[in-house]
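Undergrad: With the sequence up front, the predicted model follows.
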Amino acid sequence: MKKEQTNISKLASIIVLFFMLGLATTLFGQTIRNVDFTITKDNKVVVTYSISGIKTGDAYNISLLVSTDGGRIFRKVHKVTGDVGMVKSPGRKRIVWNVLAERQELVTDKLICRVEGSEVRTYTFDSSSALNTFRTLFLGSDATKKRSDGSSVFGGYYSSGFMNRYFSQMVEIGFLNPKPGYVIGYERIGTPLIFEISAFWQVFDDQDQLFRNVDLDPDIYNEGYYNSYALLHRGVAFSISYTVLPFMVYILPHIGIGYQLSSFDLQAGGEAKLASATSAGFYLAGIHLNLFSHIKFSISFNHSFPETYKAWEAWYISIHIG
């Protein structure tokens, strides 16, 4: 033990002389300088140094390296305490190396110590800020909620069609002549969700078109039995949608699903003569235009889930007041 203490003390003047020459390390704008050391009676090397240039939010990863061959090879030492590892503030620092805890002896007249540091960017996670960002992006901004949220009634133009070949052929040859349809409803917006219930109806033909294409008994026609003839598509729909860009204030695109209770009816003489159910679940896509505080415009496209030949599609444009 005395031999090791003597050898460490013997080298003190050499190491001090080396660092008194003004050795400094500069990396990424931070500077390590004024490196010095002392050797304690219990065989520990106390290295002091100064570090400057650390900015708020940054840090230095500090290591102590030693060379026993005059600087040809440096090795990192591990039995150290103090300002080593992550250092986040500038100023005068101190490292204590417990020599004999790391090696059995240290006998050399060419010992050199070096303090090295690499820049480490540190970031503080602000949970409240992250939560606010999540809410804005996916649940809607306060401005959007203020502009859009609430209840409204609406009405507008409605148009629908069926996806089977028979229906398309009837339209092409003029046997079916779709008329403008209408939609009315109630909507509740709680950004990012939209709830809607609506009723619609659309006439696909009337008595004049029918008798131009169908050979009926003139006596029946003259009696006026079919004077109120009509082909009518009507029903009610329920839907829920999600606004895919809820942080936008004036434009709210949305997608959703719903269910429609509807039928395609043949009416004659004010009575239903034939009815064909067209009820089905559907998916939808649309856009709301919040151009004014209490008046909004909406365009929506609905399409039934493709299950049978009765698959349908519909779209409507409406004005919302509320």
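TA: Nice, thanks for sending it over. Residues are numbered from 1 along each chain as shown.

Undergrad: which secondary element of this protein has the worst mean pLDDT?
TA: helix 12-19 (a mean of 35; mean pLDDT, DSSP states H and E).

Undergrad: Tell me where this structure is predicted with low confidence.
TA: Residues of the chain meeting the criterion pLDDT under 70: 1-30, 56-57, 121-127, 175, 205-230, 267-275, 307-310.

Undergrad: Can you give me the domain assignment for it?
TA: 2-121, 139-321 (automatic domain parsing).

Undergrad: First residue to last residue on the longest one, what's the distance there?
TA: Taking C-alpha to C-alpha, to the nearest Å, the span from the opening residue of domain 139-321 to its closing residue is 24 Å.

Undergrad: Next: stretch 119-132.
TA: 31 Å.

Undergrad: same deal with stretch 128-143?
TA: End-to-end distance for stretch 128-143: 19 Å, by C-alpha to C-alpha.

Undergrad: tell me, how many neighbours does V183 end up with?
TA: Close neighbours of V183, defined as other C-beta atoms under 10 Å, add up to 22. Bear in mind the C-beta positions are built from the backbone N, C-alpha and C, glycine included.

Undergrad: Could you do E313 as well?
TA: Neighbours of E313 (other C-beta under 10 Å): 14.

Undergrad: Give me the distance between it and S300.
TA: Per C-beta to C-beta, to the nearest Å, E313 is found 11 Å from S300.

Undergrad: I51 now?
TA: In terms of C-beta to C-beta, I51 sits 63 Å off from S300.

Undergrad: for G85, same thing?
TA: Per C-beta to C-beta, G85 is found 60 Å from S300.

Undergrad: Just want to know which of the two has more residues nearby.
TA: S300 (23 against 13).

Undergrad: OK, contacts around the more buried one?
TA: 284-286, 315-318 (C-beta atoms under 8 Å, 6 or more residues apart in numbering).

Undergrad: Nearest to T108 among these?
TA: Nearest to T108, judged by C-beta to C-beta, of the contacts of S300 is A285 at 77.8 Å.
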